[in-house]
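> Take a look and give me a structure for this.
(chains A and B)
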2 protein chains.
Amino acid sequence: MEPFVYQNPTKLIFGEGKLDTVGDEAKAALGERILLVAGKGSARRSGLLARVEESLKAVGLGVTLLEGVDPNPRIDTVQEGVRLVRRDRLTGLLAVGGGSVIDCAKGIALAAPHDGDPWDFYSRARTATKAPLALGTVLTLAATGSEANGNSVVSRPATGEKRALYHPGLFPRFSILDPVLTVTTPPDQTAYGIVDILSHVYEQYFHRVPETPLSDGIAETVMRTVIEAAPKVMADPGDRAARGALLWSSTVALMGLVKAGARGDWSCHMLSHELSGRYDTPHGGALAVVFPAWMRIGCKENLPRFVRFANRVWGIAGDGEGAALAGIEAMERFYTNTLKVGIRLSDYGIGADRIDEMARAGAAQNPMFPLFRLSEENVARLFRSAL
Amino acid sequence: MEPFVYQNPTKLIFGEGKLDTVGDEAKAALGERILLVAGKGSARRSGLLARVEESLKAVGLGVTLLEGVDPNPRIDTVQEGVRLVRRDRLTGLLAVGGGSVIDCAKGIALAAPHDGDPWDFYSRARTATKAPLALGTVLTLAATGSEANGNSVVSRPATGEKRALYHPGLFPRFSILDPVLTVTTPPDQTAYGIVDILSHVYEQYFHRVPETPLSDGIAETVMRTVIEAAPKVMADPGDRAARGALLWSSTVALMGLVKAGARGDWSCHMLSHELSGRYDTPHGGALAVVFPAWMRIGCKENLPRFVRFANRVWGIAGDGEGAALAGIEAMERFYTNTLKVGIRLSDYGIGADRIDEMARAGAAQNPMFPLFRLSEENVARLFRSAL
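Numbers count the residues shown, from 1 in each chain, chains lettered A, B, ... in the order given. Here you go, the predicted structure:
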């Protein structure tokens, strides 16, 4: 194991009906005046947003609304949120939605106490000097992990960039994980969420650090749990037990435990951020394209780990490159047959003419512990194999 | 899954050499004047205590020493600590040792801001009305889990009682998990620690809550990691990788994740506390006696779970009661052959003449979700089978 610091202060409130606690939790953690952040309409249509707003007002909190956060949240929505926080002297934020809404709210929480352009924090032009505003979440989608970490990913459409930041003050004070709120997730979003959860684990699993039995075992348990729950929710979106298993898996996947003592790669997220940022490919779709291609190159660099992935996650016996490749193929079948998610660039309307552009952008990324180098040549080879 | 709230704010600092951070961490988290709490001499003899004391003084902190905490920590040591905190107006506590030292420090942290007898908090005669003092730990033994939770167990020799309490303010602000500090643990303490880690998982694993795949998987991963590391540290106490795996396992076993969505039993800890409290049996030894006997009764109440335990933890194929019993026997062999820990009451000098007394005391316990009722008859039967 590598040395590590693990600290995760988020209060995770899991269970059917736990939405009822939102007023009390917000009152205790977020101050008197709340920016309520939501997406493009599903929380409004389902009545969830009105219910949350009522709960906040019932305990005497002031509420300002910011709706319309995009699936790949945009920096201009962060800027708008900062404006509202200042205008109404808001004390905290409550994100109601999935990872996009939470990530947008985190950007607002970080930037609001500072003057200047919020994008500067994402571009690394500057770092935060003041504590972020307090943030709570009501999660409606099992996918992101953002409900229990200090990460935020935001896009800047003007330049096609999509960038991530981390700040320890961005861990939500509380996150309500109510499986009931996820049963109305449409099939495609459910499927993309499942790809996202698995991808978070992959990023942390294919490392070469020796003797990491516990983080490996937790990673494998999360993956198996997701793979087992997936066909249930795809067949019956109202299966609350399976929805609950997915929801808790999404949180455990990215709360810091899987990487404890290991080393995250995150090459594929960087490459898929390029796809989402430039071509507005759904995040889960981009990951479903990038990972199989990345694994076929990467498995030669760390064969024992890919054999273990095949053995313990996909139930494929055997060893050597044959078993490793069979594991990757099992994953691809799971994506295309069980989840109905495209795994080729062409499924998302991206053609060979984009390869050079993507290779240049990918090679500009700089992952900390990559399994293989993201040279222009390697990235082009990766994307060509995914056409 | 059952509804749950998971929150664990402790900063866990893992890695070889991380002891070097203790001064800075203490200064940031514990205030200006520290009660340094230690055990019966091993931290003193190894030079660890002097090293920690120097680190604290080097960053300008005042230090008051409380040494001599017993393996089953006693309420009079807690009382002495409270006296020292008041005398020197101390601002925080640093526990250097294993679970006993940490649990004693937690009792002091809880009681010091209050007047009256600290035992009242353990006997449930009263509850804390003021926030506990801040607490940090430097862990020297993989066993307790106390380094990352809000629990404290203390004995009262005058009455032979041993009682547990929980307070959310007792989570350590930080815990330093430096595997190097555990390589000098003597073989018997190492073995008892291993029994303790496994027992913490057992208490949370043999429940009947349906659909808990993630907590089950994490539990099984912790158990397998411990079972795999155990023969390595018993053969080579200096194996730092295996020591590290044990150390991290001890923390993950009891930081709240294994019970998330499930239901802890804790009958066996209550029964073993009786043994430790009355006859000063080592905690790990008492657990090694109680669990196999409890499992032989309990496996009839939840056979599928005990079959799973045999299959996934001990690698025993098959199903039905035969497989379940074979799993329990594999565990017993592991205790006696690998760990050299006694699993009979007679190994600890406790005879049949004590059965009635233990049965009465055991039946007075009141676990929240017991697999079977701790009636006097059941407890007597359990202990008779362990003579």
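> distance of A:D178 from A:K18?
5 Å (C-beta to C-beta, to the nearest Å). Yep, even glycine has a C-beta here, placed from its N, CA and C like the rest.
> Looking at the two, which is more packed in?
Taking neighbours as other C-beta atoms under 10 Å in any protein chain shown, A:D178 and A:K18 compare with A:D178 leading, 25 against 21.
> doesn't A:G31 make contact with A:G62?
No: assessed by C-beta atoms under 8 Å, A:G62 is found out of contact with A:G31, at 9.5 Å.
> what's the overlap in contacts for these two?
Taking C-beta atoms under 8 Å, 6 or more residues apart in numbering or on different chains as the contact criterion, the common neighbours of A:G62 and A:G31 are A:L90.
> Quick check: buried residues in the host helix or strand of A:V289?
For A:V289, the element it lies in under DSSP states H and E is helix A:283-298. Of all the residues in helix A:283-298, those buried under the rule 16 or more other C-beta atoms under 10 Å in any protein chain shown are A:283-296, A:298.
> just stretch A:301-320 next, same as before
With the criterion 16+ other C-beta under 10 Å, stretch A:301-320 contains buried residues A:302, A:305-314, A:316.
> for chain A, what's the longest helix?
Ranked by residue count, the top helix of chain A under DSSP state H comes out as helix A:213-235.
> Against chain B, how distant is A:V252?
Applying C-beta to the nearest C-beta, to the nearest Å, one obtains 6 Å for the distance of A:V252 from chain B.
> Please look at that residue and A:M223 and confirm they touch.
No: between A:V252 and A:M223 there is no contact, the gap being 11.0 Å when judged by C-beta under 8 Å.
> the more surrounded of those two?
Neighbour count, other C-beta under 10 Å: between A:V252 and A:M223, A:V252 has more, with 29 against 24.
> OK, contacts around the more buried one?
Contacts of A:V252 (C-beta under 8 Å, 6+ apart): A:218, A:222, A:258, B:214, B:257.
> ok, back up a step: on the C-terminal side of the helix holding A:V289, identify the next helix or strand.
Sequence order places helix A:303-308 as the next helix or strand after helix A:283-298, per DSSP H and E.
> Give me the pLDDT for A:V252.
Here the pLDDT value assigned to A:V252 is 98.
> and after the helix or strand where it lies, which helix or strand comes next?
Element membership for A:V252 (DSSP H and E) is helix A:240-253. Once the chain leaves helix A:240-253, the next helix or strand it forms, by DSSP H and E, is helix A:267-279.
> hmm, who's touching that following helix?
A:72, A:153, A:155-156, A:160-164, A:199, A:202-203, A:281-283, A:286-287, A:289-291, A:294, A:348-350, A:354, A:357-358, A:361-362, A:365, A:367, A:370-371, A:374, A:379, A:382.
> Would you mind naming what in the stretch 201-350 of chain A lies close to chain B?
Neighbours of chain B within the stretch 201-350 of chain A, by C-beta under 8 Å from any C-beta of the partner chain: A:210-211, A:213-214, A:217-218, A:220-222, A:224-225, A:228-229, A:241, A:244-245, A:248-249, A:252, A:257, A:260-261.
> Make a PyMOL selection of the buried ones in the residues you listed.
To isolate the buried members of those in PyMOL, using 16+ other C-beta under 10 Å:
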select buried, chain A and resi 211+213+214+217+218+220+221+222+224+225+229+241+244+245+248+249+252+257+260+261
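> domain assignment for chain A?
By the assignment in automatic domain parsing, chain A contains the domains A:11-181, A:208-384.
> The first one and chain B in contact?
Translated: domain A:11-181. Yes: residues of domain A:11-181 are located near chain B by C-beta under 8 Å from any C-beta, namely A:11-18.
> Report all helices and strands that the longest helix of chain A contacts.
helix A:187-205, helix A:240-253, helix B:213-235, helix B:240-253 (3 or more C-beta pairs under 8 Å, 6 or more residues apart in numbering or on different chains; DSSP states H and E).
> now the end-to-end length of stretch A:275-294.
Criterion C-alpha to C-alpha, to the nearest Å; first-to-last residue distance in stretch A:275-294 is 15 Å.
> Distance from the chain centre to it, please.
13 Å (C-alpha atoms, centre = their mean, to the nearest Å).
> what residues are up against A:V63?
Neighbours of A:V63 in contact, by C-beta under 8 Å, 6+ apart: A:33-34, A:36, A:53, A:56-57.
> in the host helix or strand of it, what counts as buried?
Secondary structure assignment for A:V63, by DSSP H and E: strand A:62-66. Buried residues in strand A:62-66, counted by 16+ other C-beta under 10 Å: A:63-64, A:66.
> relative to helix A:187-205, how tilted is the lowest-mean-pLDDT helix or strand in chain A?
The least trusted helix or strand in chain A, going by mean pLDDT, DSSP states H and E, turns out to be helix A:267-279, with a mean of 87. Per axes from the mean of the first three to the mean of the last three C-alpha atoms, to 10 degrees, the angle that helix A:267-279 makes with helix A:187-205 is 140 degrees.
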